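Trainee: Would you be able to build a 3D model of this:
(2 chains)
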There are 2 protein chains.
Amino acid sequence: MELNKLIRENLRKYSAFETSEQLTDADWVKLHTNENPFPPIPEVLNDIKKAINESVRLYPDPTAFELRKEILNVLLRDKETLTNRNSVFIGNGSDEILDVIFKVFIDPGDEVIVFYPSYSLYKIIATLYNAKINEIQLNEDFSIPDEVYSVKGKLMFINSPNDPNGKSFGNATILKICGNFPGIVIVDETYADFSTQTCLPLLKKVKNLIVYRSFSKGFSLASLRIGYALAAAEIIKEMNRVKLPYNTNYLAQVAALSSIKHSKKIFENNKKILEERERLSEELNKYDGISVLPSDSNFIFIKFEDKSKTLKFVWDLKELKILVRHFSKPGLYNYIRVTVSTEKDNDVFINAFRTIANKYL
Amino acid sequence: MELNKLIRENLRKYSAFETSEQLTDADWVKLHTNENPFPPIPEVLNDIKKAINESVRLYPDPTAFELRKEILNVLLRDKETLTNRNSVFIGNGSDEILDVIFKVFIDPGDEVIVFYPSYSLYKIIATLYNAKINEIQLNEDFSIPDEVYSVKGKLMFINSPNDPNGKSFGNATILKICGNFPGIVIVDETYADFSTQTCLPLLKKVKNLIVYRSFSKGFSLASLRIGYALAAAEIIKEMNRVKLPYNTNYLAQVAALSSIKHSKKIFENNKKILEERERLSEELNKYDGISVLPSDSNFIFIKFEDKSKTLKFVWDLKELKILVRHFSKPGLYNYIRVTVSTEKDNDVFINAFRTIANKYL
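Mentor: Residues are numbered from 1 along each chain as shown, chains lettered A, B, ... in the order given. Presented below is the predicted three-dimensional model:
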């Protein structure tokens, strides 16, 4: 067997997504993966425990009926968005939602628009599906350039708030893009639970829009893999046809349902993250030579005026068992991305940063 | 927006997988989905409960390192198969393994061999991936016809034991197929935990073979979505490259690990299913006009001599709140598939069958 001849040719040029360093060692301060620093609240943990019974042997509900209902009736009730249960899709994490969208729309050679810099998985999956990729460079201030209004293609991916800079795009911009783009615009709102902004209300007037969100970040359920997408029922119908039959697991469905029931308390907890985000930004902005970009996510993006100092900070932080995210990519060499964590961990980071700043800044 | 122009053309001819009837009503006897009638043993349920803690907020191990290790070192230790940790792939249920195999090997127009009758998802996913499908009809006795030894293609899917008839294919046959087929042969051993047969040892000498198995059936973990594939490390490497980054959830990994630790006790429990399979088959074989096919799965396939009576049984059973599986497909109209359940549920079925047989046989 010549395996090389059997494997798809486009996998030769394909670079897989690199998952971040997995550290089981408890004494590391992990500020590199944007996980929520708070575990799910005890009420949610208890609800998951209670669900571990006879039902475990059975296949999960393939369409997550209850969850779709509660997402609309409770979680998004005040968001002025769609209300039809058939407008919701539930995925095995928001990554699977992405994959399912490609399965519905993309044949080899179809054009996909992504932005740079942004979450890298859009481009990676587009490569996997052999799409023609049009990567549009964001402006210096990470805003969307005007060329977007004349671009053609089948799918366009917008991350809002955008990873790595942390800022949401305005609804006026997204609305104008949808009006001009002949294909489907997908807005990934994975981090929107930390923002006051959302484009969910646009779904009421715009038909070529899919918005998806996650329970991984705002609801601390990253380990269980569950996310949801909203779009016109005719789009969701196609997504349900192509998804794997039993894509989301039962305990993730239970955990998401419980999180919705207790969402008020969870959002209250998350306020601490927003307060810490402001504190961190203020502390760091005191230094000459660096500036913190405005963020409405659970992470901040720090810009170094002197590019050569950036990696020195990353390495020295790692020496002190603090992990942050550095992207060795064009235009991003002089930035580091730092997850907003607990007060305690943020203090560890602030103190370490001070020590290192005394050396280099 | 004209959605029809944006959706992939091949979705027009695509028929989605139909999940079986979802009944939450407890008084139905469900013998139509081949779920294990026994819940996971208390030791496993407790291990899952214990894992519901702070870790829930974190991303799961993307490569399920521990689980891969234990599958080889403990679960498959006496199976005379591969021993290299990089020869194991972990998927979000065995359905995702199937999808990942297509992602590695299939470009539109590539040829895929499936058998009829067999598990329908192979053909459905092949259609989704725009593969050219060569469906080979099994012999009258559900054995593989000789034409298979001269067939060409990229992938061939063999379900062993085969759904719906329940019988495994011999290793001599599978070995001969691998020797003659220029592509990759995939053996789906989802039901092999109920059989004394497995083709896992073939992996030691055959390079164009992928064998995959599930924790859904033999280990009663259908709700959690976890399965595994074994193949040459160079194949598994490609599968890991194309899978979604965090495909399997943490609690499924925990549950699978615990199930392996307690596999002796679990297999002891499953012996009751095998005993019940024999009892059911004997009881039903007493009737004139029907015969039960030999099975080494957790279900039996009942053949009716008089085709016109088959659906009468299905409907009358449903009247009595007993669900069995009937396939309205060529060659299968005169069969019903029945999951082997607990002694109590099987008695309900046997008694109902007797009443109906008195009417029609």
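Trainee: Only C-alpha atoms from now on, for both contacts and neighbour counts.
Mentor: Noted.
Trainee: what sits against the residue nearest to A:Val56 when sequence neighbours are not counted?
Mentor: Once flanking residues are discounted, A:Val56 sits nearest to B:Ser223: 5.1 Å by CA to CA, 6 or more residues apart in numbering or on different chains. Residues near B:Ser223 by CA atoms under 8 Å, 6 or more residues apart in numbering or on different chains: A:Ser55, A:Val56, A:Arg57, A:Leu58, A:Tyr59, A:Pro60, A:Asn249, A:Tyr250, A:Leu251, B:Ser216.
Trainee: and B:Ser223, helix, strand or coil?
Mentor: helix (DSSP: H, G, I helix; E, B strand; the rest coil).
Trainee: Among the contacts of B:Ser223, which ones are in helices?
Mentor: Counting by DSSP state H, those place A:Tyr250, A:Leu251 in helices.
Trainee: Would you point out the most distant pair within the contacts of B:Ser223?
Mentor: A:Leu251 and B:Ser216 (14.5 Å; CA to CA).
Trainee: quick one: which of the contacts of B:Ser223 is nearest A:Lys30?
Mentor: A:Leu251 (25.9 Å).
Trainee: so the closest one touches A:Ala51, yeah?
Mentor: Yes. With contact defined as CA atoms under 8 Å, A:Leu251 counts as touching A:Ala51 (7.2 Å).
Trainee: So which of these two has more stuff around it?
Mentor: A:Leu251 (25 against 15; other CA atoms under 10 Å in any protein chain shown).
Trainee: Not counting sequence-adjacent ones, nearest residue to that one?
Mentor: Per CA to CA, 6+ apart, closest to A:Leu251 is A:Ile48, 6.4 Å.
Trainee: Repeat that for A:Leu98.
Mentor: A:Tyr122 (7.5 Å).
Trainee: Tell me how far the helix or strand harbouring the one you found lies from the chain's centre.
Mentor: In this assignment (DSSP states H and E), A:Tyr122 forms part of helix A:121-128. Put simply, helix A:121-128 sits 15 Å off its chain's centre (CA atoms, centre = their mean, to the nearest Å).
Trainee: Name the next helix or strand downstream of that helix, please.
Mentor: Past helix A:121-128, further along toward the C-terminus, the next helix or strand under DSSP H and E is strand A:132-137.
Trainee: The next helix or strand after that following strand pairs with which strands, parallel or anti?
Mentor: As assigned by DSSP H and E, the chain's next helix or strand after strand A:132-137 is strand A:155-159. Note on strand A:155-159: by DSSP bridges, its sheet partners are strand A:111-116 (parallel), strand A:184-188 (parallel).
Trainee: burial count for the residue nearest to A:Leu98?
Mentor: Every residue meeting other CA under 10 Å relative to A:Tyr122 is counted, giving 23.
Trainee: does it really touch A:Val114, like I thought?
Mentor: Yes. With contacts counted by CA under 8 Å, A:Tyr122 reaches A:Val114, the gap being 7.0 Å.
Trainee: rewinding a little: enumerate the positions of the helix holding A:Tyr122 that are buried.
Mentor: A:Leu121, A:Tyr122, A:Lys123, A:Ile124, A:Ile125, A:Ala126, A:Thr127, A:Leu128 (16 or more other CA atoms under 10 Å in any protein chain shown).
Trainee: quick check, nearest of those residues to A:Leu203?
Mentor: When the buried residues of helix A:121-128 are compared against A:Leu203 (criterion: CA to CA), the nearest one is A:Tyr122, at 21.3 Å.
Trainee: residues in contact with the closest one?
Mentor: A:Leu98, A:Val114, A:Phe157.
Trainee: Filter those residues down to the buried ones and hand me the PyMOL line.
Mentor: Buried subset of the contacts of A:Tyr122, written as a PyMOL selection, criterion 16+ other CA under 10 Å:
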select buried, chain A and resi 98+114+157
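Trainee: is chain B contacted by the helix ranked longest in chain A?
Mentor: As assigned by DSSP H, the longest helix anywhere in chain A is helix A:263-285. No. Taking CA under 8 Å from any CA of the partner chain as the criterion, helix A:263-285 and chain B are apart, separated by no less than 12.8 Å.
Trainee: then stretch A:320-338 to PDB, C-alphas only?
Mentor: Below are the C-alpha coordinates for stretch A:320-338, written out as PDB (Å, rounded to 0.1, in the frame of the first residue of the first chain):
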ATOM      1  CA  LEU A 320       8.000  31.900  36.600                       C
ATOM      2  CA  LYS A 321       5.500  29.200  35.600                       C
ATOM      3  CA  ILE A 322       3.100  31.700  33.900                       C
ATOM      4  CA  LEU A 323       1.900  30.800  30.500                       C
ATOM      5  CA  VAL A 324       0.600  33.500  28.100                       C
ATOM      6  CA  ARG A 325       0.000  33.300  24.400                       C
ATOM      7  CA  HIS A 326       2.400  34.700  21.800                       C
ATOM      8  CA  PHE A 327       1.700  34.400  18.100                       C
ATOM      9  CA  SER A 328       4.700  34.000  15.900                       C
ATOM     10  CA  LYS A 329       2.900  35.500  12.900                       C
ATOM     11  CA  PRO A 330       3.100  38.600  10.800                       C
ATOM     12  CA  GLY A 331       2.000  41.700  12.500                       C
ATOM     13  CA  LEU A 332       1.600  40.000  15.900                       C
ATOM     14  CA  TYR A 333       5.200  39.500  17.000                       C
ATOM     15  CA  ASN A 334       5.000  42.500  19.300                       C
ATOM     16  CA  TYR A 335       1.800  41.400  21.200                       C
ATOM     17  CA  ILE A 336       1.000  38.900  23.900                       C
ATOM     18  CA  ARG A 337      -2.500  37.700  24.700                       C
ATOM     19  CA  VAL A 338      -3.300  37.100  28.400                       C
END
